[in-house]
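1. Structure for this input, please:
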Amino acid sequence: PNHPQALLNQAQLAIRRGDYEAADRFYDRVAADASTPTVFAPLVLRGKARIRLLRGDRAGAETLWTQAETLLRQGVVGTGSMTFGHRRDLASILLERGNPSDIAEAVALMQVETKIRRDADSLEVYAWALERANRLTEA
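-> Below you'll find the model as predicted:
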């Protein structure tokens, strides 16, 4: 019940149910656990950004997306920069923000990531990036 991935999944479910307070509490539990690997920090920030956006706080979401992006770009998480799906996490943040200038980078990140990890989550983000780039047939 206290496993970070389980708590993240519970937070995502709470968001889908519209229970943003519960989702925040699940994210807070992941963030507060000193034994939790830093790999989860960008995911917590991204989830909290989604909650802010859904509550109408675009500025607050932008702040959290920027913090998550910074962690991913610095390679603070994992064993090195852009490993263990961090390309996918960064691409997701870029797409969620909705800045047209980020789309090409998201596509490029996912082109590399899907060569390494051809799982459903990676392919979904790749299709999302291609759709945003108006490459609908490829998506």
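
2. Could you use CA atoms for every contact and neighbour count after this?
-> Fine.

3. What are the buried residues along stretch 24-38?
-> Of the residues in stretch 24-38, those buried by neighbour count under the rule 16 or more other CA atoms under 10 Å are 24, 26, 27, 28, 29, 30, 31.

4. need the next SSE after the strand or helix carrying residue 104, C-terminal direction.
-> Using DSSP states H and E, residue 104 falls within helix 103-116. Sequence-wise, the next helix or strand beyond helix 103-116 is helix 120-132, with elements assigned using DSSP H and E.

5. Does anything pack onto that following helix? Which helices or strands?
-> In this structure, helix 120-132 makes packing contacts with helix 86-97, helix 103-116, judged by 3 or more CA pairs under 8 Å, 6 or more residues apart in numbering; DSSP states H and E.

6. Residue ranges in the protein under the pLDDT threshold?
-> Scanning the chain for pLDDT under 70 picks out the ranges 76-85.

7. cutoff 80 now
-> Segments of the chain classed as low confidence (criterion: pLDDT under 80) are 1, 34-37, 75-85.

8. show me what contacts the residue sitting nearest the centre point of the chain?
-> Closest to where the C-alpha atoms of the chain average out (CA atoms, centre = their mean) is residue 89, at 4.3 Å. Taking CA atoms under 8 Å, 6 or more residues apart in numbering, we find residue 89 in contact with 42, 43, 72.

9. count of residues packed around residue 1?
-> Other residues lying near residue 1 total 7 when counted by other CA atoms under 10 Å.

10. Excluding covalently adjacent residues, which one is nearest to it?
-> The shortest distance from residue 1 to any residue other than its chain neighbours is 7.4 Å, reached at residue 7 (CA to CA, 6 or more residues apart in numbering).

11. The one you found touches residue 31, doesn't it?
-> No: using CA atoms under 8 Å, residue 7 is not in contact with residue 31; the gap is 10.3 Å.

12. mind checking how far the host helix or strand of residue 42 is from the chain centre?
-> The secondary structure element spanning residue 42 is helix 41-54 (assigned by DSSP H and E). In terms of CA atoms, centre = their mean, to the nearest Å, the centre of helix 41-54 is set 8 Å apart from its chain centre.
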